[in-house]
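In: take a look and give me a structure for this.
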Amino acid sequence: MTRLFAAVAAVLLIAAAAAAQTGLTGKWEGTTPNGAALALDLTVKEAALTGTLTREGQKFTIADGKVKDNTFSFKATINDKPDGFSGELKGNELRIWLDRQGPENAITMTRVKK
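Out: Model (predicted):
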């Protein structure tokens with residue numbers, strides 16, 4: 001009985017981790033403190049994050065994207081300047097920030113409903 005309980009618990013933990021990672025997949029919208037429209041179109045496969053970041057209509061490819069539990073990071077080159085981004089998924093909201101500015105300057109994005 002103990003083995004069965006342990007096996008069920010392990011499966012539930014793996015399923016919860018997978019759901020958290022795939023929860024990032026989709027389209028997200030938000031606004032920067034400067035009022036610029038920001039959008040993310042994300043895809044998660046295992047621990048890899050790919051997609052695009054769109055700022056004021058300009059699309060930038062996401063590179064070196066990584067996902068761990070409910071947190072993520074990636075790089076994007078905007079106007080010939082590479083920048084690092086980090087964030088976290090909390091329920092139906094995505095908090096994202098420039099690494100050089102830190103999480104205290106995070107913006108909140110919401111999922112685009114189909």
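In: now R95: closest residue in space, sequence neighbours ignored.
Out: Leaving out its chain neighbours, the residue that sits closest to R95 by C-beta to C-beta, 6 or more residues apart in numbering is A106, at 4.3 Å. Placement of C-beta: from N, CA and C, glycine included.
In: I'd guessed that neighbour sits against I96; true?
Out: Yes: taking C-beta atoms under 8 Å as the definition, A106 is a contact partner of I96 at 6.2 Å.
In: any common contacting residues for those two?
Out: Common neighbours of A106 and I96 are listed as G87 (criterion: C-beta atoms under 8 Å, 6 or more residues apart in numbering).
In: give me the residue ranges of this protein where confidence is low.
Out: Residues of the chain meeting the criterion pLDDT under 70: 1-22.
In: all strands for it, in order.
Out: 26-31, 37-45, 48-55, 58-61, 63-68, 71-78, 81-90, 93-98, 107-111 (DSSP state E).
In: rebuild these as CSV, extending it with mean neighbour count.
Out: What follows is these, written out as CSV (neighbours: other C-beta atoms under 10 Å):
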stretch, mean neighbour count
strand 26-31, 17
strand 37-45, 17
strand 48-55, 18
strand 58-61, 12
strand 63-68, 16
strand 71-78, 17
strand 81-90, 15
strand 93-98, 18
strand 107-111, 16
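In: what's opposite S86 in the beta bridge?
Out: Here S86 sits in beta bridges with S73, W97, as judged by DSSP bridges.
In: pull the contacting residues for it.
Out: S86 makes contact with 71-73, 96-97, 99, 103 under the criterion C-beta under 8 Å, 6+ apart.
In: closest to A63 among the residues you listed?
Out: Proximity of the contacts of S86 to A63 (C-beta to C-beta) peaks at S73, which lies at 10.8 Å.
In: closest to F60 among the contacts of S86?
Out: Looking across the contacts of S86 and measuring by C-beta to C-beta, the closest to F60 is I96, at 13.5 Å.
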